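In: After the sequence you'll find the predicted model.
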Amino acid sequence: MSEIHWDLGHVAPVAIRADAPRHHAIVRATHWLTALCFVALLVSGMEIVLSHPRFYWGENGNVLTPALFSLPIPSSRDTVPTGYDYVLPDRNGWSRSLHFEAGWLLVFTGAVYVMFGVFSGHFRKDLLPDGVDRSRQTQSYNVLQRLTYLAVIFVLFPLMIWTGLAMSPAFVSVMPSAVTLLGGRQSARTLHFLVSLSLVLFLLVHIAMVWRAGFVRLVIEMTAGGTRTPRSLE
């Protein structure tokens, strides 16, 4: 009888739990809640900006103050000089209410996601580049993608929340340093707008990446979970 020799040195181990969901239920739920909140904030924020499409730096700013920059769009108020001979319908009431409600829902959703990411190891395992990534793939797209997500989660979104709260008189009355550190309420408003533009740019790039990688498949995975594809570990 011939002998059978097993060369274990050439057997590539496979990932553990290959049938595990690609995205945890909490990640999926917070992802779509964040997307919903962001759309609501974007639409309502655009309506708010229309009431005064001029931006300043410092504590105070009005139509008699030189603007840091102005948006070349008409306003929803006839008291704001824009160069247009007409004004848009004023929807400032419902837009501020929606902005407030969506903002607090986003804060709650973000808090749940961050707590899950920290305690489950999601950030460390799925977003933080490991030693192999840093040593072998310094210029890789995957590393840049992960670092971009981390910057959005831990820099842009917190800054968005901070600058938003700094424009609230009630919040500033309790914590005046929140607006002082930013240089004033008008500075907070200007920074809030610029951070919003950065997040919109991130969203457009994110959607483009998803589209190139397989839009339908990735949306289904982020909605229903999907399963991880078995892969060899190097």
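Out: Right, received. Where do you want to start?
In: buried set for stretch 95-112?
Out: Within stretch 95-112, the residues scored as buried using 16 or more other C-beta atoms under 10 Å are 95, 98-99, 102-103, 105-107, 109-110. Quick note: C-beta positions are derived from backbone N, CA and C, even for glycine.
In: could you give the mean pLDDT of it?
Out: In this model, stretch 95-112 carries a mean pLDDT of 95.
In: then it to CSV, C-alphas only?
Out: Extracted in CSV, the C-alpha atoms of stretch 95-112 (Å, rounded to 0.1, in the frame of the first residue of the first chain):
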residue,chain,number,x,y,z
SER,A,95,-36.6,73.6,6.7
ARG,A,96,-35.2,74.7,10.2
SER,A,97,-37.5,72.2,11.9
LEU,A,98,-36.5,69.4,9.6
HIS,A,99,-32.8,70.3,10.0
PHE,A,100,-33.1,70.3,13.8
GLU,A,101,-34.8,66.9,13.9
ALA,A,102,-32.6,65.2,11.3
GLY,A,103,-29.5,66.6,13.0
TRP,A,104,-30.4,65.0,16.4
LEU,A,105,-31.3,61.7,14.8
LEU,A,106,-27.9,61.7,13.1
VAL,A,107,-26.2,62.4,16.4
PHE,A,108,-28.0,59.4,18.0
THR,A,109,-27.3,57.2,15.0
GLY,A,110,-23.6,58.2,14.9
ALA,A,111,-23.3,57.5,18.7
VAL,A,112,-24.7,54.0,18.2
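In: coming back round to it: what's the closest of the buried residues of stretch 95-112 to residue 122?
Out: Nearest to residue 122 out of the buried residues of stretch 95-112 is residue 110 (C-beta to C-beta; 13.7 Å).
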